[in-house]
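S.K.: I'll drop the sequence and a predicted model, then ask my questions.
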Amino acid sequence: MFTFINPKTDFAFKKIFGSENSKDILKSFLNALLYDSQPTIESLQILDPHSLPLIRGLKDTYVDIRAQLNDGTNVIIEMQVLNVEAFEKRILYNAAKAYSTQLETAEQYVMLNPVIALTITDFEMFEDFRKVISRFVLKEREFLSDYPIFDFELVFVELPKFQKSLNELETLTDKWIYFLKTARDLNAVPATMEEVPEISQAFAIATKANLSYDELSELQKQEIYIQDRRGAITKAVSLATEKGRQEGIKEGQIALIVRLLERRVGAVTPEVQSLIGELSIDQLENLGEALLNFNDISDLTAWLQTQDLPAE
């Protein structure tokens, strides 16, 4: 029985796919996700993922893995667990920078190589379609014809959309996505995945027993951080939802009370409606009972004067 680390954490993802001895693993992985499981990539070079800017003042770029394929194509890879603000813009920035900073001063544009930004997310980014893998390229807006130079591509793999069970895995693509999504929950390497040498190697690297104490400590810190951030996001969403619900209830109460008042005492001016809007939910409930005894607008004005309203 084995225990495997979570390949979706930053530390584990880089260790499995970005180490110097991970070239075959990364080649198989990229062939699966970028080239429909075809052996398109013959070789690759794993580069420093910290891309230093060549232009003074340009913001530093951090991606999980950078690789250059045998045809010169540059691939930047990022595994993202949390859906953070402006994440979509960060993807564009990293891809654009990977393309634009290839040239030294006075070098010709023809020397620019294509860039593929591969982003794997543990959340759904595109709710309009159910595809697990989606690709974005430059096209003409009306006729959808390709831009003449096919140098820029954004590829997204949304793990939550992958719903195949172990028995349903058919392609190399299926197996690699299943590895990312479920490795930490397995206690043995499934036979159907072990038959792929690169996936078997990935499981070997992901085996906790093969990690040092410092590596396990770093992994635990990252998992705690992810759990804490997820908890904070969940709490923020819950509070916002509750606040929205309360605001909706209050708006409904105000609309109902204004209608009842207009039937009881006549037109309610915008100024008075504004004062009613300042009341709490409990005060609105009290007003709903009190208005049954109102005879004219002066009764409403007198009642409002007895309430503790926020100072202007």
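M.R.: Arrived safely.

S.K.: drop to CA atoms for contacts and neighbour counts, all remaining ones
M.R.: Noted.

S.K.: Name the next helix or strand downstream of the helix or strand that contains residue 118, please.
M.R.: For residue 118, the element it lies in under DSSP states H and E is strand 115-121. Per DSSP H and E, strand 115-121 leads on to strand 133-137 as the next helix or strand towards the C-terminus.

S.K.: State the paired neighbours of the helix or strand following that next one in the sheet, together with their directions.
M.R.: Sequence order places strand 152-158 as the next helix or strand after strand 133-137, per DSSP H and E. Here strand 152-158 is paired, per DSSP bridges, with strand 115-121 (parallel), strand 133-137 (antiparallel).

S.K.: which residues sit against the longest one?
M.R.: With C-alpha atoms under 8 Å, 6 or more residues apart in numbering as the test, strand 115-121 has contacts from 73-82, 91, 95, 98-99, 151-159.

S.K.: What is the least confident helix or strand in this structure?
M.R.: Ranking every helix and strand in the chain by mean pLDDT, DSSP states H and E puts strand 61-62 at the bottom, with a mean of 48.

S.K.: And the next helix or strand past that one?
M.R.: Scanning forward in sequence from strand 61-62 by DSSP H and E, the next helix or strand is strand 65-69.

S.K.: Centre of the chain to that following strand, how far?
M.R.: 22 Å (C-alpha atoms, centre = their mean, to the nearest Å).

S.K.: so what does it touch, helix or strand wise?
M.R.: Where contact means 3 or more C-alpha pairs under 8 Å, 6 or more residues apart in numbering; DSSP states H and E, strand 65-69 is packed against strand 44-47, strand 74-80.

S.K.: Adding distance to residue 141, write those strands out as TSV.
M.R.: As requested, these are exported to TSV (distance: least, C-alpha to C-alpha, whole Å):
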stretch	distance to residue 141
strand 44-47	34
strand 74-80	26
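
S.K.: which of these sits most buried?
M.R.: Counting by mean count of other C-alpha atoms under 10 Å, strand 74-80 has the highest mean neighbour count of these, with a mean of 22.

S.K.: For residue 181, see how far away the most centrally placed residue in the chain is.
M.R.: Centroid check for the chain by C-alpha atoms, centre = their mean gives residue 83 as the closest residue, at 3.0 Å. Using C-alpha to C-alpha, to the nearest Å, residue 83 is found at 17 Å from residue 181.

S.K.: In the protein, which helix is the longest?
M.R.: Longest among the helix segments of the chain by residue count, using DSSP state H, is helix 213-265.

S.K.: low-scoring pLDDT stretches of the stretch 101-250 of the chain, where are they?
M.R.: 105, 209, 226, 228-237, 239-241, 243 (pLDDT under 70).

S.K.: any chance of the helices and strands packed on strand 65-69 in TSV, plus mean pLDDT and distance to residue 5?
M.R.: Listed next are those as TSV, based on pLDDT from 0 to 100; distance: least, C-alpha to C-alpha, whole Å:
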stretch	mean pLDDT	distance to residue 5
strand 44-47	89	22
strand 74-80	93	15
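
S.K.: For residue 136, which non-adjacent residue is closest in space?
M.R.: residue 154 (5.0 Å; C-alpha to C-alpha, 6 or more residues apart in numbering).

S.K.: quick one, what contacts that neighbour?
M.R.: 116, 117, 118, 119, 135, 136, 137.

S.K.: Spatially, which residue comes closest to the fifth one, not counting chain neighbours?
M.R.: In other words, residue 135. Closest to residue 135 by C-alpha to C-alpha, 6+ apart is residue 155, at 4.5 Å.

S.K.: hang on, the one you found packs against residue 134?
M.R.: Yes. Proximity of residue 155 to residue 134 meets the contact threshold set by C-alpha atoms under 8 Å, at 5.8 Å.
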